[in-house]
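Novice: below are the sequence and a predicted model for it; my questions follow.
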Amino acid sequence: MPIPTDRSFNVDGASITFGEGALSEVGDLAANLGMTRVALFTDRGLEHSEHVSIVVASLASAGIDALVFSDVRVEPTDQSFKKAAQWAQETDPDGFVSVGGGSVIDTTKAANLYSSYPSDFLTYVNRPIGAGEPVPGVLKPHIACPTTSGTGSECTGIAVFDLLEMSAKTGIASKRLRPTHAVVDPTVTTTLPANVVASSGFDVLSHALVSYTARRYLERPAPQRPTDRPASQGSNPWSDLGCRESLQLLGRYLVRAVHDATDTEARYQVMWAATLAGIAFGNAGCHAPHGMSYSVAGLVKNFQPSGYPHHDPIIPHGMSVVVNAPAVFRQTWRTNPERHAEAARWLGYSGVQADETPENEALSGQIIDLMKATGMPNGLTALGYTPEDVPSLVEGSVVQRRLMDNAPISVDKSSLTALFADSLTLW
Ligand SMILES: [Fe+2]
């Protein structure tokens, strides 16, 4: 008997405020959610920033106390999550506010979860690394304020971290982790270094592309109960809307946004593209390029990107994702040539070289052109990897089943070996 496939999809809308100056609205939103004493999460680089000052002043004007935790690790670990959760448990706030990038927002989700429902750390972590237990109940309200135009974490129920003992990236995924409200103020992007705009921009681009090309929701096995339907439900008519608009905006504005910090039109539009892509992948799910990125980032050797405020080797998330994207889309093309061709055109592919370009190269070639135009590394080799590293890269990513099973092709050790080999050098 064939396994019955699903027939419906969910629209789990994030609640969002978007606009110039929106950070000053946080206090009123927090009061409306019943907050009186909040835990405000940020990182050392932002602790004394104007963004945090605006949020704290807004909370104060609404009569709300803010207790600040700034010991967030960029690229968080199980240990940094535990430290944040312990602080939240001791502080016992009645709500959370996060001001920062994906690392800050993800840490806040974990702190909210483990302080609300204390448990052994691996209880809620995705299978097969953790037990993948459901979050037992609702969490305290959380207002997320992103300060980069990338992760989309403010719109999703996912918290990603490095499990140190296994040198592996993994995560916790539950709709209950989704922030109660996101406040997206595009003025935060005007001070970002070019390399940060580029890397986070390619994270956005990857979110939109994978959500658009993911296995269709109608092909996923039906859940036992409708309420068990996962957030990674596959591409669907709702997520398609956000992907389309997001890719068109990126095609038009990404290169401009990277190269000119004063081009507020471009930077604001990329922030809106990030928000749309966040909504889309929060309802569709990512696939292979993200699954592969977990080991690319986790096994980093000596790579140190410019524009990032720390001294440890690190591969920014967007870079670790996009280096795998051209190889993946070369392979997924055949599952839906029309969708891949549309996406290539939205990103600016003119089709001028259509005679010489094999059809399945259009999207990958367009991604590579954008990478070249924005100073991205030329594949895994430029990040410090060699062909000898491919087996360990495969081992670290083949276990990311939530992501791999959402791809439109089957992803196993042998296909991953070919995909990583094809990602060593892109041009
Ligand atoms: Fe991402």
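Specialist: Thanks, I have it. As the structure is a prediction and not an experimental result, all values here were calculated from the model. Residues are numbered from 1 along each chain as shown.

Novice: how far does the lengthiest helix in the chain sit from its chain's centre?
Specialist: For the chain, the longest helix by residue count, based on DSSP state H, is helix 237-259. Mean-position distance between helix 237-259 and its chain equals 15 Å (C-alpha atoms, centre = their mean, to the nearest Å).

Novice: and the next helix or strand after that helix, what other elements does it pack with?
Specialist: Moving toward the C-terminus from helix 237-259, the next helix or strand (DSSP states H and E) is helix 264-284. In terms of contacts (3 or more C-beta pairs under 8 Å, 6 or more residues apart in numbering; DSSP states H and E), helix 264-284 is packed against strand 16-18, strand 181-184, helix 194-213, helix 237-259. C-beta coordinates here come from the backbone N, C-alpha and C atoms, glycine included.

Novice: domains for this structure, by residue range?
Specialist: Per the record, the chain has its domains at 21-184, 191-422, by automatic domain parsing.

Novice: hmm, back to that, quick check: buried residues in the longest helix of the chain?
Specialist: Buried residues in helix 237-259, defined by neighbour count with 16 or more other C-beta atoms under 10 Å: 238-239, 242-255, 257-258.

Novice: one more: stretch 412-427?
Specialist: 415-416, 419-420, 422-424, 426.

Novice: quick one: contacts for the nearest residue to residue 82 once chain neighbours are set aside?
Specialist: Leaving aside its chain neighbours, residue 82 sits nearest to residue 121 (6.3 Å; criterion: C-beta to C-beta, 6 or more residues apart in numbering). Each residue near residue 121 by C-beta atoms under 8 Å, 6 or more residues apart in numbering is listed here: 78, 81-82, 114, 130.

Novice: same question, residue 176
Specialist: With contact set as C-beta under 8 Å, 6+ apart, residue 176 has these partners: 113, 135, 137-139, 157.

Novice: would you map the strands across this structure?
Specialist: 16-18, 37-41, 65-69, 95-100, 142-146, 158-163, 168-173, 181-184 (DSSP state E).

Novice: with distance to residue 269 added, can I get those in a markdown table?
Specialist: A markdown table is the format used below for the strands of the chain (distance: least, C-beta to C-beta, whole Å):
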| stretch | distance to residue 269 |
| --- | --- |
| strand 16-18 | 12 |
| strand 37-41 | 28 |
| strand 65-69 | 31 |
| strand 95-100 | 22 |
| strand 142-146 | 15 |
| strand 158-163 | 25 |
| strand 168-173 | 29 |
| strand 181-184 | 12 |
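
Novice: ok, of those, where does mean pLDDT dip lowest?
Specialist: Looking at these, the lowest mean pLDDT belongs to strand 168-173 (a mean of 86).

Novice: give me the contacts around that strand.
Specialist: 109-110, 113, 124-126, 129-130, 157-163, 230-232, 293-295, 297-298, 396, 399-400, 402.

Novice: strand 158-163 and that strand, what's the angle between them?
Specialist: 150 degrees (axes from the mean of the first three to the mean of the last three C-alpha atoms, to 10 degrees).

Novice: quick one: the residue lying closest to residue 239 once chain neighbours are set aside from residue 29, how far?
Specialist: Computed as C-beta to C-beta, 6+ apart, the closest residue to residue 239 that is not its neighbour in sequence is residue 284, at 3.7 Å. Distance of residue 284 to residue 29, computed by C-beta to C-beta, to the nearest Å: 27 Å.

Novice: one more: residue 330?
Specialist: 44 Å.

Novice: higher neighbour count, the two?
Specialist: The residue with more neighbours, out of residue 330 and residue 29, is residue 29; 21 against 18, by other C-beta atoms under 10 Å.

Novice: that one against residue 142, yeah?
Specialist: No - applying C-beta atoms under 8 Å, one finds residue 29 not in contact with residue 142, separated by 11.2 Å.

Novice: what is in contact with these two at once?
Specialist: With C-beta under 8 Å, 6+ apart as the test, residue 29 and residue 142 both reach residue 181.

Novice: do a quick rundown of the helices in the stretch 301-427 of the chain.
Specialist: 317-322, 325-332, 337-346, 362-373, 379-382, 390-398, 401-404, 413-422 (DSSP state H, counting those that start in this stretch).

Novice: what's the most buried one of these?
Specialist: Among the helices of the stretch 301-427 of the chain, ranked by average contacts under mean count of other C-beta atoms under 10 Å, first place goes to helix 317-322 (a mean of 28).

Novice: just the CA trace of it, in PDB.
Specialist: Extracted C-alpha coordinates of helix 317-322, given in PDB (Å, rounded to 0.1, in the frame of the first residue of the first chain):
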ATOM      1  CA  HIS A 317      25.700  31.200   7.900                       C
ATOM      2  CA  GLY A 318      24.800  32.700   4.500                       C
ATOM      3  CA  MET A 319      28.200  31.900   3.000                       C
ATOM      4  CA  SER A 320      28.100  28.300   4.300                       C
ATOM      5  CA  VAL A 321      24.700  27.900   2.600                       C
ATOM      6  CA  VAL A 322      25.200  29.600  -0.700                       C
END
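
Novice: which residues outside that helix are in contact with it?
Specialist: Counting by C-beta under 8 Å, 6+ apart, 75, 102, 150-151, 198-206, 289-290, 292-293, 296-297, 305, 367, 371, 376-377, 383 sit against helix 317-322.

Novice: before we move on, what about stretch 418-427?
Specialist: Residues contacting stretch 418-427 (C-beta under 8 Å, 6+ apart): 288, 292, 323-324, 326-328, 330-331, 368, 371-372, 378-381, 385-387, 390, 393-394, 411.

Novice: coming back round to it: in TSV, list the strands of the chain along with mean neighbour count and distance to residue 215.
Specialist: TSV is the format used below for these (neighbours: other C-beta atoms under 10 Å; distance: least, C-beta to C-beta, whole Å):
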stretch	mean neighbour count	distance to residue 215
strand 16-18	16	27
strand 37-41	25	34
strand 65-69	17	39
strand 95-100	29	31
strand 142-146	29	28
strand 158-163	24	18
strand 168-173	23	17
strand 181-184	25	27
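
Novice: what's the local residue count around the closest residue to residue 389 other than its chain neighbours?
Specialist: Residue nearest to residue 389 in three dimensions, not counting chain neighbours: residue 299, with 7.1 Å by C-beta to C-beta, 6+ apart. Residue 299: 21 surrounding residues under other C-beta under 10 Å.
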